[in-house]
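Peer 1: Just a sequence and a predicted model for now, questions to come.
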Amino acid sequence: MTPDTFKVACSNCNLRELCMPVGFDNQDMKKLDEVVAKRHQVKQGQMLFANGDEFTSLYAIRTGFFKTCISNEDGREQVTGFQMAGEIIGLDGIVSDRHSCNAVALEDAEVCVMPFANVEELSREFPVLQRHVHKIMSREIVRENGMMMMLGNMRAEERLAAFLLNLVQRLHARGFSQSELVLRMTREEIGSYLGLKLETISRTFSKFSEDGVIEVKQRYVKILNPDALKKIFNPQPCHSKL
């Protein structure tokens, strides 16, 4: 990848509260600007990094969507996550100094490159930054635990409901609609992430639409009945009579 690169200041970024710790004053923010070496533009379909690449940096997404994925022994792709603006990717490389997955842009995107050596150096000066990095790592662990529970215990309808609710919640935190979204990923990629076949994903979308829970037009999704979607994801336990 040979993307365009240019310098950017965290202090002037409207996403800084999403990917950087709060509580920094203007002087601290100027020092934090030193963490970001440059900004990369990544075209749709291009890899930001690949499995086996040397780990050097974390990446804060400014615009666009990414998917992270791994390849099985038979060559099939397994999607492990979807990331959007304000989120940081690349943490997988910390443990072995090499990336363990591919990060692919689902649309034209822009990322801020944060050399990990810079992050570590500034973390020693600002404990709040170190805690923030730890929180990001902890969030990934919690997310992976949640995925294990989803794949092990949830029915197809529950998995898709959880996916849509999580996606719209994250988008809403970035100023987007609380009920409408455009899926940047394909049905097949959603199925790979949720451990479901493409046919099952398509059938479940159709059922939600027929039941009046959502409205679907290709990649456009409107949540018509959020309470019903939440009930699908978190059904009330059945109490048997004694």
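Peer 2: Everything's here; your move.

Peer 1: what residue ranges in the protein score low on pLDDT?
Peer 2: Counting by pLDDT under 70, the chain has low-confidence residues at 1-34, 37, 150, 235-242.

Peer 1: let's see it at 50
Peer 2: Low-confidence segments of the chain, defined by pLDDT under 50: 1-6, 237-242.

Peer 1: Strands of that one, residue ranges please.
Peer 2: For the chain, the strands defined by DSSP state E cover 5-6, 38-42, 47-49, 57-63, 65-71, 77-84, 88-89, 102-105, 109-115, 180-182, 214-217, 220-223.

Peer 1: Please tabulate those in CSV, including the columns mean neighbour count and distance to residue 134.
Peer 2: C-betas here are computed from N, CA, C, even on glycine. Output for the strands of the chain, formatted as CSV (neighbours: other CB atoms under 10 Å; distance: least, CB to CB, whole Å):
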stretch, mean neighbour count, distance to residue 134
strand 5-6, 10, 29
strand 38-42, 20, 25
strand 47-49, 21, 22
strand 57-63, 23, 13
strand 65-71, 20, 20
strand 77-84, 18, 19
strand 88-89, 22, 12
strand 102-105, 23, 21
strand 109-115, 23, 15
strand 180-182, 15, 30
strand 214-217, 14, 36
strand 220-223, 16, 33
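
Peer 1: As a markdown table, those strands with distance to residue 174 would be great.
Peer 2: Formatted as a markdown table, the strands of the chain follow (distance: least, CB to CB, whole Å):
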| stretch | distance to residue 174 |
| --- | --- |
| strand 5-6 | 23 |
| strand 38-42 | 18 |
| strand 47-49 | 20 |
| strand 57-63 | 11 |
| strand 65-71 | 12 |
| strand 77-84 | 7 |
| strand 88-89 | 14 |
| strand 102-105 | 17 |
| strand 109-115 | 14 |
| strand 180-182 | 11 |
| strand 214-217 | 20 |
| strand 220-223 | 17 |
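
Peer 1: For whichever helix in the chain runs longest, buried residues please.
Peer 2: Ranked by residue count under DSSP state H, the longest helix found in the chain is helix 127-153. Residues of helix 127-153 classed as buried: 129, 130, 132, 133, 136, 147, 150 (neighbour count, 16 or more other CB atoms under 10 Å).

Peer 1: Export stretch 118-127 to PDB, keeping only CA atoms.
Peer 2: Only the C-alpha atoms of stretch 118-127 are listed here, as PDB (Å, rounded to 0.1, in the frame of the first residue of the first chain):
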ATOM      1  CA  ASN A 118       5.300   7.200  20.500                       C
ATOM      2  CA  VAL A 119       2.200   6.000  22.400                       C
ATOM      3  CA  GLU A 120       4.400   4.200  24.900                       C
ATOM      4  CA  GLU A 121       6.700   7.200  25.500                       C
ATOM      5  CA  LEU A 122       3.900   9.600  26.000                       C
ATOM      6  CA  SER A 123       2.000   7.200  28.200                       C
ATOM      7  CA  ARG A 124       4.800   7.400  30.700                       C
ATOM      8  CA  GLU A 125       4.300  11.100  30.900                       C
ATOM      9  CA  PHE A 126       0.500  11.000  30.900                       C
ATOM     10  CA  PRO A 127      -0.900   8.200  33.000                       C
END
